[in-house]
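Trainee: Got a sequence here, can you build the structure:
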Amino acid sequence: MDTTTLKTALLGLLIAGATPAALAGPPPGFEQEIAGFIQRMADKHGFETSHLREMITPGRYRQGIVDAISRPSEAKPWHQYRPIFVTDSRTRQGVEFWNENQTLLSEAEARYGVPAEIIVAIIGVESRYGRHTGSYPVLDALTTLGFGYPRRGKFFQGELEAFLLLCQEEGLDPAQAQGSYAGALGQAQFIPSSYRAYAIDFDRDGKRDLWHNNADVIGSVAAYFKDHGWRPGEPVTHRLEGGGKAHHRFSKAGMKPSLTLSELREAGIELTTDLPGDTLASLVRLKLDRGEEYWLGLHNFYVITRYNHSNHYAMAVYQLSRAIRQARAEADPS
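Mentor: Now for the predicted structure:
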């Protein structure tokens, strides 16, 4: 194709409101994999193959979904990631959400031991307190990623299976459900397997509704953290002094706490905490616009990363939770 012809073709795509990526077709073997999945669902769970074929079609492939999951926000450096989530507006809306749901949050904190500000911050980071629960058809997202994203295809096929079972159990219409580009659901943005495993009917109305029922949303977030080992009353993280290039090896040790505070002190890191020397932590390194900062990733910090496996995510939740608590206290000093 000569240059003039190529420009004409691209102009036609733009006029039509499309892009080459948006029009990209599914990868080879996409239809065959779907057919195999449908048969497995029929054999394993008794689903009707004809009904599944109507729902899960090759036409549900969306290249934009693959593009979106290939550039997650968590890949940004901290100085670009933080301003997305730790903002004045999200803090103000968090105070409003807390005030409107104070009784539910107090009940959840009493039952599960998870501070109200952590629950509120999770909902704030995930969906802006229910304002943005996702605009992608969940079937499109999970079909695309399950059969058109080989890097994590097996995982998303499992999530598609969990989603279909969830719809059956909760009386949901799978064709109508919308969520994130990764198939996360509701205000809490639970993936389908987490919804089935951890969502609770906090107000005992016979349903687990994470889209519209704040009681179930709040209770489910708290239950999720308790089930993943949240320790009531323990700190989440501490800002450190004295970290530098000589300590990068510690930050590469992983998110799970595996370093003792004594080790970090001996390596020259200043710890302004009275926690015992044998306390386990990770070293969280955050890249700033200029320079770096270091934090302790304590046990409860690690628990937050079980919601989203990212130190950036956990730090955003923590810092937003602190901002919300402070703003709420300042608004009502009594």
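Trainee: need the contact list for residue 262.
Mentor: 277-278 (CB atoms under 8 Å, 6 or more residues apart in numbering). For every residue, glycine as well, the C-beta is placed using N, CA and C.
Trainee: I'd like the distance between it and residue 281.
Mentor: Separation of residue 262 from residue 281 (CB to CB, to the nearest Å): 11 Å.
Trainee: residues contacting the residue lying closest to residue 52 once chain neighbours are set aside?
Mentor: Using CB to CB, 6 or more residues apart in numbering and skipping the chain neighbours, the partner closest in space to residue 52 is residue 38 (4.5 Å). By CB under 8 Å, 6+ apart, the contact list for residue 38 reads 47, 49, 52-53, 56.
Trainee: How far does the helix or strand that contains residue 38 sit from its chain's centre?
Mentor: Of the helices and strands defined by DSSP states H and E, residue 38 is found in helix 30-45. Distance, stretch centre to chain centre, for helix 30-45: 28 Å (CA atoms, centre = their mean, to the nearest Å).
Trainee: Check stretch 131-141 too.
Mentor: With CA atoms, centre = their mean, you get 13 Å for stretch 131-141.
Trainee: tell me the mean pLDDT for that stretch?
Mentor: For stretch 131-141, mean pLDDT is 96.
Trainee: How about that stretch, which residues are buried there?
Mentor: 133-134, 136-141 (16 or more other CB atoms under 10 Å).
Trainee: for stretch 25-41, same thing?
Mentor: 26, 30, 33-35, 37-38, 41.
Trainee: From the chain's centroid, how far away is it?
Mentor: Distance, centroid of stretch 25-41 to centroid of chain: 27 Å (CA atoms, centre = their mean).
Trainee: just stretch 79-93 next, same as before
Mentor: The answer for stretch 79-93 is 16 Å, by CA atoms, centre = their mean.
Trainee: buried set for it?
Mentor: For stretch 79-93, by 16+ other CB under 10 Å, it's 81-82, 85-86, 90-91, 93.
Trainee: Save these as JSON lines, and put in distance to residue 255 too.
Mentor: Formatted as JSON lines, the buried residues of stretch 79-93 follow (distance: CB to CB, whole Å):
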{"residue": "81", "distance to residue 255": "16"}
{"residue": "82", "distance to residue 255": "18"}
{"residue": "85", "distance to residue 255": "18"}
{"residue": "86", "distance to residue 255": "20"}
{"residue": "90", "distance to residue 255": "24"}
{"residue": "91", "distance to residue 255": "26"}
{"residue": "93", "distance to residue 255": "28"}
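Trainee: so which pair among these is furthest apart in space?
Mentor: Maximum pairwise distance among the buried residues of stretch 79-93 (CB to CB): 19.2 Å, between 81 and 93.
Trainee: Please enumerate the strands of the stretch 51-200 of the chain.
Mentor: Taking DSSP state E, counting those that start in this stretch, the strands of the stretch 51-200 of the chain run over residues 136-137, 178-179.
Trainee: Parallel or antiparallel, list what pairs with the first one.
Mentor: Its sheet considered, strand 136-137 pairs with strand 178-179 (antiparallel) by DSSP bridges.
Trainee: Quick one: neighbours of residue 230, just the number.
Mentor: 21 (other CB atoms under 10 Å).
Trainee: Number the residues from 71 up from this point.
Mentor: Yep, numbering from 71; the last one is residue 300 now.
Trainee: Contact partners for it?
Mentor: 182-184, 370, 373.
Trainee: now, which of those sits nearest residue 395?
Mentor: For these, the nearest to residue 395 is residue 184 (13.5 Å; CB to CB).
Trainee: Go ahead and confirm the closest one touches residue 295.
Mentor: Yes. Assessed by CB atoms under 8 Å, residue 184 is found in contact with residue 295 at 4.6 Å.
Trainee: returning to what we had before: what's the pLDDT at the residue nearest to residue 122?
Mentor: Reported pLDDT for residue 108: 96.
Trainee: same deal with residue 226?
Mentor: Confidence score, pLDDT, at residue 226: 97.
Trainee: give the contact list for it.
Mentor: 212, 215-216, 219, 253.
Trainee: what about 6 Å?
Mentor: For residue 226, the contact set (CB atoms under 6 Å, 6 or more residues apart in numbering) comprises 212, 215-216.
Trainee: most neighbours, which of the residues you listed?
Mentor: Top of those by neighbour count (other CB under 10 Å): residue 212, with 29 neighbours.
Trainee: ok, now how distant is that residue from residue 104?
Mentor: In terms of CB to CB, residue 212 sits 11 Å off from residue 104.
Trainee: Same question for residue 246.
Mentor: 20 Å.
Trainee: same check, this time on residue 168
Mentor: 44 Å.
Trainee: Just give me the closest of the buried residues of stretch 95-111 to residue 273.
Mentor: For these, the nearest to residue 273 is residue 111 (32.0 Å; CB to CB).
Trainee: pLDDT score assigned to the closest residue to residue 170 other than its chain neighbours?
Mentor: Nearest residue to residue 170, sequence neighbours excluded (CB to CB, 6+ apart): residue 284, at 8.0 Å. Here, the pLDDT recorded for residue 284 equals 98.
Trainee: Residue 94 too?
Mentor: Per the predicted model, pLDDT is 67 at residue 94.
Trainee: likewise the one 10 residues further on?
Mentor: Per-residue confidence for residue 104 comes out at a pLDDT of 95.
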